[in-house]
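In: please find the sequence and the predicted model below.
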Amino acid sequence: DQQVKQNSPSLSVQEGRISILNCDYTNSMFDYFLWYKKYPAEGPTFLISISSIKDKNEDGRFTVFLNKSAKHLSLHIVPSQPGDSAVYFCAASSNAGGTSYGKLTFGQGTILTVHP
Amino acid sequence: DAGVTQSPTHLIKTRGQHVTLRCSPISGHKSVSWYQQVLGQGPQFIFQYYEKEERGRGNFPDRFSARQFPNYSSELNVNALLLGDSALYLCASSLGVAGGFRDTQYFGPGTRLTVL
């Protein structure tokens, strides 16, 4: 039961253009969503998050959009840089079961390649 | 400031053996979560510990156990290792604030376990 899905295994964009990574979820209890970036042989690095009370959150070149009715979120990177090339994971959490957002459910990841 | 640290970096074991992985959280963080990541998938939640108590457990067999110490560091133990336990084991720490605060998890570099 894949509660968080990233349907695009890979994405290739040109330097300077916009990268859009997508994520869908099925569990209505999720109310906090995060994006992580991961390089090979390293742990995931936190990028940006959004609470279900918002529909947009920005941090520099990164913007996350949340559409609760569609159970869909997306990460926009503008402008894309070659150093952004990595695997991007979306993750979702809730306060259910007393875990206080301590349990993340991850998507399968999208490999982003930014070409110079 | 030091991030989440994990030891060892790499480990090779044979089937049937036991392994202990260690994690030190970010200073001031009281919650530690463990994840297993196999190649090509997103991390899967194993355990969450807060104030030395188990707060959540994922869908893993009883061969997996963990504990948290008074200094908030944590150990993950796996008994009777199987070939399928080969994976990257990730530790994440967070503040662990209760009451609906959207807590963000920060990951360590992981321990790569190979079971032969």
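Out: That came in fine, so what should we check first?
In: number of residues surrounding the residue nearest to A:D55 when sequence neighbours are not counted?
Out: Closest residue in space to A:D55, ignoring its immediate chain neighbours: A:L66 at 5.3 Å, by Cβ to Cβ, 6 or more residues apart in numbering or on different chains. Where you see a C-beta, it was placed from the backbone N, CA and C, and this is true even at glycine. Burial of A:L66 is recorded as 20 neighbouring residues (other Cβ atoms under 10 Å in any protein chain shown).
In: hey, what's A:L66 bridged with?
Out: With DSSP bridges as the criterion, A:L66 is bridged to A:L73.
In: residue ranges with poor pLDDT in the chain?
Out: Just so you know, I chose chain A. Counting by pLDDT under 70, chain A contains low-confidence ranges at A:1, A:97-100.
In: please refer instead to chain B.
Out: Low-confidence regions of chain B, defined by pLDDT under 70, span residues B:1, B:98-100.
In: for chain A, what are the nearby residues on it?
Out: B:4, B:6, B:31, B:33, B:35, B:40-45, B:48, B:50, B:55-56, B:58, B:90, B:92, B:94, B:96-110, B:112 (Cβ under 8 Å from any Cβ of the partner chain).
In: the residue nearest to A:D55 reaches A:F33, doesn't it?
Out: Yes: between A:L66 and A:F33 there is a contact under Cβ atoms under 8 Å: 6.3 Å.
In: would you agree A:L21 falls within a strand?
Out: Yes: counting by DSSP: H, G, I helix; E, B strand; the rest coil, A:L21 is located in a strand.
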